[in-house]
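> After the sequence you'll find the predicted model.
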Amino acid sequence: MAAILAFAGSNSSTSINLKLVHHTIALVSGHEIRTLNMVDYPFPMFSEDYERENGYSNSLVELKNDIQNVDALILSVNEHNGNPSAYFKNLLDWLSRVDRKFLESTKVLLMSTSGGKRGGMSSLEVVKNMLPRFGAEVVATFSLPSFNENFDVAKGILDEDLAESHRKALDEFLNAL
């Protein structure tokens with residue numbers, strides 16, 4: 001049994017990426033899963049001046065410890081103008097200052113979704129290339145395009161081909177644990 005931490009890279013109270021995370025973890029059994037809502041993790045914009053004057057908040061250190069105490073992450077990232085949100089990039093900046101290899105030996109299922117036809121693919125690719133710098137192993141990826149047409153909270157992923165792609169990515173991730 002693996003310990004898995006699941007969250008979206010969004011601090012929006014209506015995050016569609018968090019909805020995708022909840023759907024994904026509902027399909028997992030036999031593992032210990034803890035879900036975070038990043039609305040509960042507000043961080044100031046990173047700057048060396050702020051870091052020097054204030055250090056690291058308890059919530060940042062606790063988040064870093066939570067990440068380092070699991071075997072794997074299920075993460076879904078949002079996209080703003082073709083990149084990860086400023087919130088998520090800021091989160092990575094802070095975490096990497098506390099411990100550059102905060103994801104060392106952590107397996108990741110990386111997902112994205114958006115209301116658009118590309119499903120946050122640009123952000124997913126940026127993050128997929130960033131996470132290994134911090135020690136992560138991105139095991140599988142999945143992007144859900146046109147969230148509002150392809151997802152229902154009660155039914156999950158509506159399109160059969162997309163549902164199958166999601167299941168394959170999840171299976172690949174779980175088989176790697």
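All right, it came through fine.
> Please, which helix or strand holds residue 140?
strand 136-144 (DSSP states H and E).
> SS state for the residue nearest the centre of the chain?
In the chain, the residue lying closest to the centroid (C-alpha atoms, centre = their mean) is residue 75, at 2.1 Å. Following DSSP: H, G, I helix; E, B strand; the rest coil, the label given to residue 75 is strand.
> so where do the helices sit in this structure?
Along the chain, the segments classed as helices by DSSP state H run 16-26, 48-54, 58-68, 86-98, 121-130, 147-150, 160-176.
> CSV for these, including mean pLDDT and mean neighbour count?
For glycine as for every other residue, the C-beta is placed from the backbone atoms N, C-alpha and C. Listed next are the helices of the chain as CSV, based on pLDDT from 0 to 100; neighbours: other C-beta atoms under 10 Å:
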stretch, mean pLDDT, mean neighbour count
helix 16-26, 98, 21
helix 48-54, 97, 10
helix 58-68, 97, 15
helix 86-98, 98, 18
helix 121-130, 98, 19
helix 147-150, 98, 14
helix 160-176, 98, 15
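> And these: which comes nearest residue 105?
Closest approach to residue 105 among the helices of the chain (C-beta to C-beta): helix 58-68, 9.3 Å.
> Using CSV, list the CA coordinates for the closest one.
The C-alpha atoms that make up helix 58-68 are tabulated as CSV, following Å, rounded to 0.1, in the frame of the first residue of the first chain:
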residue,chain,number,x,y,z
ASN,A,58,4.9,26.8,9.2
SER,A,59,2.3,25.9,6.5
LEU,A,60,5.0,25.8,3.8
VAL,A,61,7.3,23.6,5.9
GLU,A,62,4.3,21.3,6.8
LEU,A,63,3.4,21.1,3.1
LYS,A,64,6.9,20.2,2.2
ASN,A,65,7.0,17.5,4.9
ASP,A,66,3.6,16.2,3.8
ILE,A,67,5.0,15.8,0.2
GLN,A,68,8.2,14.2,1.4
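> Helix 86-98 and that one, what's the angle between them?
If you take axes from the mean of the first three to the mean of the last three C-alpha atoms, to 10 degrees, helix 58-68 sits at 80 degrees to helix 86-98.
> tell me the angle of helix 58-68 relative to strand 136-144?
Using the same axes, to 10 degrees, helix 58-68 lies at 90 degrees relative to strand 136-144.
> Check which helices and strands helix 58-68 is in contact with.
helix 86-98 (3 or more C-beta pairs under 8 Å, 6 or more residues apart in numbering; DSSP states H and E).
> Can I get the helix it packs on as CSV, trimmed to CA atoms?
In CSV, the C-alpha atoms belonging to helix 86-98 read as follows (Å, rounded to 0.1, in the frame of the first residue of the first chain):
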residue,chain,number,x,y,z
ALA,A,86,1.2,32.1,-11.0
TYR,A,87,0.0,30.4,-7.8
PHE,A,88,1.4,27.0,-8.8
LYS,A,89,4.7,28.4,-10.0
ASN,A,90,5.0,30.4,-6.8
LEU,A,91,4.3,27.2,-4.8
LEU,A,92,7.1,25.4,-6.6
ASP,A,93,9.4,28.4,-6.0
TRP,A,94,8.8,28.3,-2.3
LEU,A,95,9.0,24.6,-1.9
SER,A,96,12.3,24.4,-3.8
ARG,A,97,13.8,27.0,-1.5
VAL,A,98,13.0,25.0,1.6
